[in-house]
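K.L.:
any chance you can model this:
(one chain, ligands or ions: 1)
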Amino acid sequence: MTVEQTLAELVGIDSVSSRSNAEIVSYLAARCEATGFKINRFPFIDDYGVEKINLTALAGAEFSGLHAIELVLVGHTDTVPYDPNWTEALQLTERDGKLFGRGACDTKAFIAATLTAIEMIDLTQLKQSLALVFTADEEIGCLGAKRLADAHPFNARYAIVGEPTSLQPMRAGKGYCVAEITVRGREAHSAYPQLGASAIFRAARLIERIEGIAEELKNDRRDAFDPPHMTVNVGIIKGGTAKNIIAGECRFTLEWRTIPGQESDYVLNLVRRAVEDLQKHDPDFVCEIDAGRADQSFETSGDSQLVRFLEESSGNTSGTVAFGTEAPSMIALGAEAVVFGPGDIRVAHQTGEFVPIDQLNECVRILRHAIERFCM
Ligand SMILES: [Zn+2]
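P.N.:
Predicted coordinates:
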């Protein structure tokens, strides 16, 4: 089967994150078993009661044991939703050297390239173990990969995390953290401010402090990134009930993207300190900080054998990604991780997402050579 035919079959299976991924996992398990991989399912029930499955497929484990997988290839099985008016979302369509369909770029192209590459390899020739990892729920917070890292099915040495990078190896990525902050005040008629305390004025004071924190953090630089520092954003603010009522409550979201070396709760600790400082002048200042997602940043050395191999075989120097990936979960398994795959992230998550056919074929070649280089 060609890589294009495989991609057509993968795109034909609707695997939007809200649905169970059992169907695509069955397909992947059958393909892997047919080539001699030993598969393992890691099922779980998501927050909406839907069954999700992480799938691992191992080959050559008899040589190095379960505890030292030499190379892991990772692809997420889920996709973002598609517009019902996009009639060809599940039907891979070729135009101008591009293949269009939901997930064609993100990230079924990488999975199709992986399946094609393993079918070109004689697994009996492996001298080191190879694992394929197919995860659930990447698009809603890398949830499947995090669960798999918690289950820790094996230790790994090198991991290629499939994502559309136009075949540029990405060896580092910023972390992604979110918190919701609720500032409380006391409602009163706005004609009598002395009877109340404005939650909005209080939130404004805190946000001004946060802006100062963001400004200070610009001095902690990592030049590989664009921009080369942590970024901080207050994306949503809601507060008050009417123009003539002193606001009793004000909530805002705080989002920050760490660079490697910064702990994910670093900003929260600075915010807590700012709150304590504000309380010195305003003892009634009440503020709740509800920490949400806290995805670690990741960085693999430019000297890593995997980075060098992917740079040489793709002809692209390594870079960094600004979007969240499953790489930190692979690092939790001990791996040096690189994000890499065909297609451009800028067309992912859009109606009409596509993968260029030449990049798809090139990815097959590179993954095949990666298996030969690291496992044979
Ligand atoms: Zn993706």
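K.L.:
rounded mean pLDDT for stretch 313-331, please.
P.N.:
Averaged across stretch 313-331, pLDDT comes to 93.
K.L.:
would you mark the buried spots in it?
P.N.:
Neighbour-count burial for stretch 313-331, with 16 or more other Cβ atoms under 10 Å as criterion, is recorded at 313-314, 316, 318-321, 324-331. Bear in mind the C-beta positions are built from the backbone N, C-alpha and C, glycine included.
K.L.:
tell me who's in contact with N219.
P.N.:
N219 makes contacts with H229, as judged by Cβ atoms under 8 Å, 6 or more residues apart in numbering.
K.L.:
relative to E255, how far out is G324?
P.N.:
12 Å (Cβ to Cβ, to the nearest Å).
K.L.:
list residues touching both of the two?
P.N.:
Counting by Cβ under 8 Å, 6+ apart, the common neighbours of G324 and E255 are Y176.
K.L.:
do a quick rundown of the strands in the stretch 151-300 of the chain.
P.N.:
With strands called from DSSP state E, counting those that start in this stretch, the stretch 151-300 of the chain shows them at 156-162, 170-173, 176-184, 231-233, 237-239, 249-257, 286-295, 298-299.
K.L.:
and those strands as TSV, adding mean pLDDT?
P.N.:
Shown next, in TSV, are the strands of the stretch 151-300 of the chain (pLDDT from 0 to 100):
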stretch	mean pLDDT
strand 156-162	97
strand 170-173	96
strand 176-184	96
strand 231-233	95
strand 237-239	97
strand 249-257	96
strand 286-295	92
strand 298-299	94
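K.L.:
could you dump the ones you listed to CSV with distance to S17 and mean neighbour count?
P.N.:
Output for these, formatted as CSV (distance: least, Cβ to Cβ, whole Å; neighbours: other Cβ atoms under 10 Å):
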stretch, distance to S17, mean neighbour count
strand 156-162, 16, 27
strand 170-173, 20, 26
strand 176-184, 17, 20
strand 231-233, 24, 16
strand 237-239, 27, 15
strand 249-257, 21, 20
strand 286-295, 15, 15
strand 298-299, 22, 24
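K.L.:
just to revisit the earlier point, which ones among the buried residues of stretch 313-331 map onto helices?
P.N.:
Of the buried residues of stretch 313-331, the ones assigned to helices by DSSP state H are 313-314, 327-331.
K.L.:
I'd assumed F42 was in contact with A151.
P.N.:
Yes: the criterion here is Cβ atoms under 8 Å, and A151 meets it with F42 at 5.8 Å.
K.L.:
residue contacts, the closest residue to the ion within the stretch 251-376 of the chain?
P.N.:
Residue nearest to the ion within the stretch 251-376 of the chain: A348 (6.5 Å; Cβ to the ion). Residues in contact with A348 (Cβ under 8 Å, 6+ apart) are 80, 105-106, 164.
K.L.:
okay, now the residue lying closest to it once chain neighbours are set aside: neighbour count?
P.N.:
Take A348 and drop its neighbours on the chain: the residue closest to it by Cβ to Cβ, 6 or more residues apart in numbering is D106, 3.6 Å away. By other Cβ atoms under 10 Å, the residues close to D106 number 27.
K.L.:
related to what we said a few turns ago, distance to the ion added to the strands of the stretch 151-300 of the chain, as CSV?
P.N.:
Shown next, in CSV, are the strands of the stretch 151-300 of the chain (distance: least, Cβ to the ion, whole Å):
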stretch, distance to the ion
strand 156-162, 8
strand 170-173, 12
strand 176-184, 14
strand 231-233, 21
strand 237-239, 30
strand 249-257, 17
strand 286-295, 14
strand 298-299, 15
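K.L.:
is it true that L367 touches I160?
P.N.:
Yes: counting by Cβ under 8 Å, I160 is a contact partner of L367 at 7.4 Å.
K.L.:
check the contact lists of these two and give me the overlap.
P.N.:
L73.
K.L.:
just the pLDDT for F63.
P.N.:
pLDDT at F63 comes out at 61.
K.L.:
hang on, I meant M120
P.N.:
M120 is given a pLDDT of 95.
K.L.:
OK, contacts around it?
P.N.:
364, 368.
K.L.:
show me what the helix or strand harbouring E311 is packed against.
P.N.:
Per DSSP states H and E: E311 is located in helix 305-314. Judged by 3 or more Cβ pairs under 8 Å, 6 or more residues apart in numbering; DSSP states H and E, the packing partners of helix 305-314 are strand 156-162, strand 336-340, helix 357-375.
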